[in-house]
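Engineer: what's the 3D shape of this:
(one chain, ligands or ions: 1)
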Amino acid sequence: MKIIPLGIWGGYPKANSATSSFLIQEDGFHLLFDCGSGVLASVQNYISIQQLDAVIITHYHHDHILDVGALHYAKLIQNQLHEQHKTLPIYAHDQDEQFHSLSYKEHTKAYDLAKTSQIGPFTIQTTKTDHPAYCLAVRLNAKGKNVVFTADTALEKSLIPFAQNADLLVSEANLYQEYEGQIPGHMSGRQAGILADEAMVKQLMLTHLPHFGNLNNLVEEAKQTYTNQTTIATVGKTYII
Ligand SMILES: [Zn+2]
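Structural biologist: Numbers count the residues shown, from 1 in each chain. Below is the predicted model:
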């Protein structure tokens, strides 16, 4: 499984960048994970829009869905230009009225992520996170390799068995340790490290990052409890799991 970070920011993108998002590839299948601001521009550095096979949306906060509208128009235009009728499936939970707005004419179609067990080559599991908006963490399995994405969440006990023994945990780290308890629904680097340690994952990648401070401190916080490899997600780097 190949994972390419497309953006790493929480809330909004920095200049010429994107909010937290990933392109995940297996056997020529291209899965886009979250579609916030800047993501549609970023993904085209790697594949064309028509090469996208599926999209996962974890929840309906702007920094995870804002480019879905642009994706609708991109599919409309590319289907017309290529005289194709490729409908792109978008998987997201249906606990929000915006679920229905994910479908656009014949160009995209929404499916309930919580009721989905397979997307292309990926086996899918989900669990609800602790976040102000209803949000799903996602576990992907392909060819025996497991990657868990926390999406947006506070440190939530149910994530420990959910992430157990994953080959890679992609965790949000939107806070520095000193902000724990002040901003609901997010984790610090320290808490991401606790989750990685207790779930006994093989490596930890941090994303959904804050817009201030020294990001390397998030890694140092995680290393207080988690001793395996910990990195900040690097945009454009291909991680092979
Ligand atoms: Zn959120």
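Engineer: okay, CA-based contacts and neighbour counts for the rest of this
Structural biologist: Will do.
Engineer: and Thr231, helix, strand or coil?
Structural biologist: Following DSSP: H, G, I helix; E, B strand; the rest coil, Thr231 is assigned to strand.
Engineer: Could you find the closest non-adjacent residue to it?
Structural biologist: Met205 (5.0 Å; Cα to Cα, 6 or more residues apart in numbering).
Engineer: Specify the local secondary structure of the one you found.
Structural biologist: Using three-state DSSP, the structure places Met205 in strand.
Engineer: Report how many residues lie close to Glu220.
Structural biologist: 16 (other Cα atoms under 10 Å).
Engineer: thinking again about what came up before, quick one, what contacts the residue nearest to Thr231?
Structural biologist: Residues in contact with Met205 (Cα atoms under 8 Å, 6 or more residues apart in numbering) are Leu168, Leu169, Val170, Ser171, Thr230, Thr231, Ile232, Ala233.
Engineer: got the buried residues for the lengthiest helix in the chain?
Structural biologist: For the chain, the longest helix by residue count, based on DSSP state H, is helix 68-81. By neighbour count on 16 or more other Cα atoms under 10 Å, the buried set for helix 68-81 is Val68, Ala70, Leu71, His72, Ala74, Lys75, Leu76, Gln78, Asn79.
Engineer: What of stretch 233-241?
Structural biologist: In terms of neighbour count (16+ other Cα under 10 Å), stretch 233-241 has its buried residues at Ala233, Thr234, Val235, Gly236.
Engineer: How about stretch 12-25?
Structural biologist: Tyr12, Pro13, Ser17, Ala18, Thr19, Ser20, Ser21, Phe22, Leu23, Ile24, Gln25.
Engineer: Redo these as TSV? Include pLDDT, distance to Ile183 and secondary structure.
Structural biologist: Below are the buried residues of stretch 12-25 laid out as TSV (pLDDT from 0 to 100; distance: Cα to Cα, whole Å; DSSP: H, G, I helix; E, B strand; the rest coil):
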residue	pLDDT	distance to Ile183	secondary structure
Tyr12	98	17	coil
Pro13	98	19	coil
Ser17	97	24	coil
Ala18	98	22	coil
Thr19	98	19	strand
Ser20	97	18	coil
Ser21	98	22	strand
Phe22	98	25	strand
Leu23	98	28	strand
Ile24	98	30	strand
Gln25	98	33	strand
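Engineer: all helices of the protein, in order?
Structural biologist: 39-43, 62-65, 68-81, 159-162, 189-198, 216-222.
Engineer: Sounds good, over and out.
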